[in-house]
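Participant: Kindly generate the corresponding structure for this input.
(chains A and B)
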2 protein chains.
Amino acid sequence: MGGETARVKAEIIAIGTEILLGEIVDTNSAYIAQQLPELGIDLYFKSVVGDNMGRIKDTFQRAWDRSDIIICTGGLGPTDDDMTREGIAAILGEKPEVDPELETRLRYFFESRGYPMPESNIKQAWLIPSSRALPNPRGTAPGWWVERDGRVIVCMPGVPPEMETMWTEQVRPELERRSDGEVLVTRTIKTLGIGEGTVDEMARPLYSTPGIGIGTYARADGVHLRIGAKAATREEAWHRIIPVEQELDRIFGAAIWGKDEDTLEGHIRALFDDRKTTLSTMESCTGGLMASTLTDVSGAAEYFRGGIVTYWTDLKIDSGVPAEVIEEFGVISPETAKAMAAAVRARLGTDYGCGITGVAGPDPQEGKAPGTVHVAVAGPDGEPSVISMSMNSGRAAVKRRAVTTAMLLLRRTLLEAATVR
Amino acid sequence: MGGETARVKAEIIAIGTEILLGEIVDTNSAYIAQQLPELGIDLYFKSVVGDNMGRIKDTFQRAWDRSDIIICTGGLGPTDDDMTREGIAAILGEKPEVDPELETRLRYFFESRGYPMPESNIKQAWLIPSSRALPNPRGTAPGWWVERDGRVIVCMPGVPPEMETMWTEQVRPELERRSDGEVLVTRTIKTLGIGEGTVDEMARPLYSTPGIGIGTYARADGVHLRIGAKAATREEAWHRIIPVEQELDRIFGAAIWGKDEDTLEGHIRALFDDRKTTLSTMESCTGGLMASTLTDVSGAAEYFRGGIVTYWTDLKIDSGVPAEVIEEFGVISPETAKAMAAAVRARLGTDYGCGITGVAGPDPQEGKAPGTVHVAVAGPDGEPSVISMSMNSGRAAVKRRAVTTAMLLLRRTLLEAATVR
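Facilitator: So this is what the prediction gives:
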């Protein structure tokens, strides 16, 4: 930091027995880790330690010996189990004292809620000589910014919204001011409908481009390609990334549905918005997850009129699916999926209709294996199109994959309609 | 282990730059951590290290020096970035060699899929003298069970389904056979409808019971109380837990909806199954998440006929909600929620109907703040009941909380109906 040219070495420590024992999944560390590369900070280690004074001290001591910045979350509460402040004070050989200003604020926080402050909370007004307080607008525990011997320890609360506010408003800007190392800039390109091996092969000619790195990642919403470049400035990094991105755009063409933070549901909304067309859904095995996912993005009401969850077969027929189709082909069939898409399109009076039928599992149905799913899309032109899939990986994963497949089919259908017209 | 009476000290190491950088959230470590207490194994540390040989060796060396069992996931793939085997071989001073039997199996795996094995995959047939292979029925990377000097290193693949299968079928049974320390047995009691502070106060008289620990945890599905007891045998631990559990059952009564692994959707299904009654839903702001959640549990088709996602107001009217109610009270109102519940009950011909309307956000609607939600349940008797909530914590959290609130109201309604009749 400050004047040095070597890369800054950071590590993250999450403190708390609940996190150690897996009762809470540590999302804080991932949140922080994702933002460090943009700040030119290299992350070397992440660790979790329980509420145990000896092990907390050991962990801080090792981190202090090997890292420039230690970012820790948790252990700032008022109880005896909360020992982050004590641990840091111990390894630095400093003594915590109640800070009068912090105490006043803390007592006011409780008074304004109409009850007296439990005396155990007084710990939250502690400071050591090397620390200053980081205000916590969302809770009682202020953070600590500790700085000594050219090293920094940042302590934030473990409650994610409190941590995120403190990080965004105070810690990140401070780290940004101090950063003068190289920055890492990344661009993620999101594809759908091509396997990871094929994506890897198609992108391979670019892997040797100097000054950039490219990786492929299989994700729930398709295969991602990530281009990364480290440079002295963000501008310089972008100059390396852009030609590679343009080349990948050319290679993958219509298989690319989004970049960076784009979500598949946001992409689908944009496709419908552009075409000023509307959609409705009829779902069986996904039980409403398709409709729920489409409406996870705000503004979905512009194009999504609604849906029917036809969990029972007779409700499918009541909703317009011809009984003959079900009798002839079975409920779990491409034909029924197509009939569902067409029926909901007609019933709800939308431009497009989407139908999903299948076996979520764990038991087979109609002799069809769990994980067998058929998704169909009906539009204003031609026959409904259908994709059939089969994966036996548990109810939740089957539902999720069925929804992604339905979004893939919606995307294809809308893009094709655009070229035909 | 084996003959010792001291508690076994374990640590977990996750290996991979993607996990370190937060691009993947490390669910494996939480999965393993949750199961160690039942095996009488104390977990002291969890750490994450990237794909860097020096830091992998450092991390293993420290773990080897301080822990009896090291459980690690990741870094067993075929690429140069996968260095778990190399790191362990280095700290133990042993040399990896290709195991002919593993090689045969590996080549067969590829042949049976119709393509030749890339030569880089040969690493996956490596063993060192202190290791034996743990078969991987779901992928190409076998795990390693390393044992030397009374210490154990277990290496499993990072892909969660592969890890979970290997853990369940091989690693956990082996650790169970060796366990002779004290075991921790826990019982979780799940309540709904009472705040954490009140639960804590009500349970407090039992906190001083000797030989057990009690904790309260606010969760998405209500407040959990966890009773834990450590003893030489599971039987002995249960003898301490049961009287406390009985007392808590008495104190919390009908506020308790489940224990341990019970889910709220499973509980709702059981309530409907017991009464042989049926349900349908009409959802607006939750966009189908209520129906999807109810059908996350298998067998939901027994009671859940289906639902309508009435994202547009006109679709509410088409589905039987009186236009006058919406005109007089607005779409976002307790009256509309009640009318939705009654309408879907009538339309789908079920015993109960559930209606949800509100503002998922981020923008207000009808002048109502984001996070305002009304949920209603209509049954065969009397007026529909309704709960109104308000929380502004982002679209996903509002949807999730609305669904939990609807399940709470369904539960109350069914329990009351049972006492009335």
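Participant: Can you list the buried residues in the strand or helix carrying A:Lys57?
Facilitator: Per DSSP states H and E, A:Lys57 falls inside helix A:53-66. For helix A:53-66, the neighbour count (16 or more other C-beta atoms under 10 Å in any protein chain shown) marks A:Arg55, A:Ile56, A:Lys57, A:Asp58, A:Thr59, A:Phe60, A:Arg62, A:Ala63, A:Trp64 as buried. For glycine as for every other residue, the C-beta is placed from the backbone atoms N, C-alpha and C.
Participant: again with stretch A:135-145
Facilitator: Buried residues in stretch A:135-145, counted by 16+ other C-beta under 10 Å: A:Asn136, A:Gly139, A:Thr140, A:Ala141, A:Pro142, A:Gly143, A:Trp144, A:Trp145.
Participant: Quick check: buried residues in the longest helix anywhere in chain A?
Facilitator: If you go by DSSP state H, chain A has its longest helix at helix A:395-420. Under the neighbour-count criterion of 16+ other C-beta under 10 Å, helix A:395-420 has A:395, A:397-414, A:417 buried.
Participant: Same question for A:Glu94, what's its three-state structure.
Facilitator: Using DSSP: H, G, I helix; E, B strand; the rest coil, the secondary structure recorded for A:Glu94 is coil.
Participant: how near is it to chain B?
Facilitator: Going from A:Glu94 to chain B by C-beta to the nearest C-beta, to the nearest Å gives 25 Å.
Participant: what's the closest non-adjacent residue to that residue?
Facilitator: Spatial nearest neighbour of A:Glu94, excluding adjacent residues (C-beta to C-beta, 6 or more residues apart in numbering or on different chains): A:Ile128 at 4.0 Å.
Participant: which ones are touching that neighbour?
Facilitator: The contact partners of A:Ile128, by C-beta atoms under 8 Å, 6 or more residues apart in numbering or on different chains, come to A:Arg85, A:Ile88, A:Ala89, A:Leu92, A:Glu94, A:Lys95, A:Pro96, A:Glu97, A:Val146.
Participant: which strands and helices sit next to the helix or strand hosting the second one?
Facilitator: This means A:Ile88. Using DSSP H and E, A:Ile88 sits in helix A:84-92. The helices and strands touching helix A:84-92, judged by 3 or more C-beta pairs under 8 Å, 6 or more residues apart in numbering or on different chains; DSSP states H and E, are helix A:53-66, strand A:143-148, strand A:151-156.
Participant: and with 7 Å instead?
Facilitator: If contacts are counted by 3 or more C-beta pairs under 7 Å, 6 or more residues apart in numbering or on different chains; DSSP states H and E, helix A:84-92 sits against helix A:53-66, strand A:143-148.
Participant: by how many degrees do that helix and strand A:151-156 diverge?
Facilitator: Orientation check (axes from the mean of the first three to the mean of the last three C-alpha atoms, to 10 degrees): helix A:84-92 against strand A:151-156 gives 170 degrees.
Participant: quick one: the helix or strand following helix A:84-92 to chain centroid distance?
Facilitator: Downstream of helix A:84-92, the next assigned helix or strand under DSSP H and E is strand A:97-98. Its chain's average C-alpha position is 39 Å from that of strand A:97-98, according to C-alpha atoms, centre = their mean, to the nearest Å.
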